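Chemist: Sequence first, then the predicted structure, then my questions.
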Amino acid sequence: MTQAAITGWGKCMPPAVLRNEDLATFLDTDDAWITQRTGIRERRVTHVVGSELSAVAASRALACAGLSAKDLELIVYGSCSAEEAVPNTASGLQFRLDAHNAAAMDVNTACTSFLYGLSAAAGMIRAGTVKNALVVGVETISPFMDWENRNVAVLFGDGCAAVVLQAGEGDAGLVADRLGCYADARAILRVRGHGTGYGNREVSYGDTLWDFDGQEIFKRAVHGMSEASADVLAKAGLGAGDIDLVVPHQANLRIIEFVAKRVGVPMERVFVTVHKYGNMSAATVPVALVDAIEEGRVKPGARILTPAFGAGLTWCSHLIRFGERVTPIDRSDAKLPPCEKTALEMVNALRARKDSRGRSAKGLAGPVFPESVAAVAPEVSRGVGQTSV
């Protein structure tokens, strides 16, 4: 059976670091408060757009796989921070790489975008539609962050990583996956003021208000990630003891710890990066995977579990069998242009620009949905999200 194996990997992190102490200069918070509740100490702020971050990460992944951009037949751009509504950002990445033989598509399922994209690309490879695919997880959240909201401003960061998938007949590849969504909980994590639902309502692009129900997100995230992980292990006929490394979505250290406990994997076999990057949404899993490979945590033939959740509330888990090669075939000299400002300077500029416009999404309701999915489709909502942590 044809498999979709990861043969190349690369990341690109913005150089500007925003530390907890920087946030404390304009928010009612401090390092101890943030670290105790989230495990996050710092995050990155980008000075370039997502397709530029992606071009560097992709160039490194291609070199790692020993391929050139013209070998690609598919580019999947996983992100919830597209550069424009039209055209898609994947086409911009295709242009930057000169990957003229590749189809290009965006996937937006929020923090699960990279992994949903991985499933899509692997499915096309198994079907024989393509042989070589690039899957990117990238976020540039800082431009539309609500920097005055302590509950969300401390959590998120920018970053990017990419993997190359290639058709092969060996054991390496995507062994099993499980995708799901608790749509009845879509309103508990939402960015207002950003999208067509707010048209003609005197709100400037980027003037956002974030809805973020931390307690409910915690419950749903742990349940969804744990359920998905149990499903993929059952599909593969494996137990928690057969997993060599868990590389989860890096939203919050407490969520990671709860999921590990439920799945039955000790934290010694869980790879954590949330302390140094924060929640990079779609970029968290691929960046953590690249870090794990570079730090020698991924051994030849390793079984890797990647549970994640995102707004929607989407959730998933993927079981990946790594190949025998865990070192790059070649390396790329691609790099970002220099960053002339500090992270705090860039954030303060974003805050000042929003203040000068004097308009925001505050007070605006989002698109109207029924209070309960059961009012429209009882069979859809039955039993969804009823399990607490």
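Modeler: Noted; the coordinates are in hand. Numbering: from 1, shown residues only.
Chemist: For the rest of this, base every contact and every neighbour count on C-alpha atoms.
Modeler: OK.
Chemist: Doesn't Ser332 belong to a strand?
Modeler: No: for Ser332, which was evaluated using DSSP: H, G, I helix; E, B strand; the rest coil, the result is coil, with no strand membership.
Chemist: Contacts made by stretch 240-256 with the rest, please.
Modeler: Under the criterion C-alpha atoms under 8 Å, 6 or more residues apart in numbering, residues 37-40, 111, 155, 218, 221-222, 233, 263-265, 269-274, 278-281, 284-285, 288-289, 297-298, 302-309 lie in contact with stretch 240-256.
Chemist: before we move on, which element is Gly123 in?
Modeler: Element membership for Gly123 (DSSP states H and E) is helix 113-127.
Chemist: List the buried residues in that helix.
Modeler: For helix 113-127, the neighbour count (16 or more other C-alpha atoms under 10 Å) marks 113-119, 121-126 as buried.
Chemist: What is that helix packed up against?
Modeler: For helix 113-127, the elements it packs on are strand 3-12, strand 74-78, strand 103-107, strand 132-139, strand 159-168, strand 173-181, strand 314-321, judged by 3 or more C-alpha pairs under 8 Å, 6 or more residues apart in numbering; DSSP states H and E.
Chemist: Can you name every helix or strand that the helix or strand following the second one contacts?
Modeler: To tie it back to what came earlier, the one meant is strand 74-78. Proceeding N to C from strand 74-78, the next assigned helix or strand is helix 89-97, under DSSP H and E. Using 3+ C-alpha pairs under 8 Å, 6+ apart as the contact test, the elements touching helix 89-97 are helix 50-65, strand 74-78, strand 103-107.
Chemist: Give me the neighbour count for Ala234.
Modeler: 12 (other C-alpha atoms under 10 Å).
Chemist: Contact partners for it?
Modeler: No residues are in contact with Ala234 under the rule C-alpha under 8 Å, 6+ apart.
Chemist: Is it in a helix, a strand, or coil?
Modeler: Recorded secondary structure, Ala234: helix (three-state DSSP).
Chemist: what about the chain, any weak spots by pLDDT?
Modeler: Scanning the chain with the threshold set as pLDDT under 70 gives 200-206, 356-389.
Chemist: Now with 50, please.
Modeler: Low-confidence segments of the chain, defined by pLDDT under 50: 368-389.
Chemist: Please work out the angle formed by the directions of the helix or strand hosting Arg220 and strand 173-181.
Modeler: Assigned by DSSP H and E, Arg220 belongs to helix 214-236. If you take axes from the mean of the first three to the mean of the last three C-alpha atoms, to 10 degrees, helix 214-236 sits at 140 degrees to strand 173-181.
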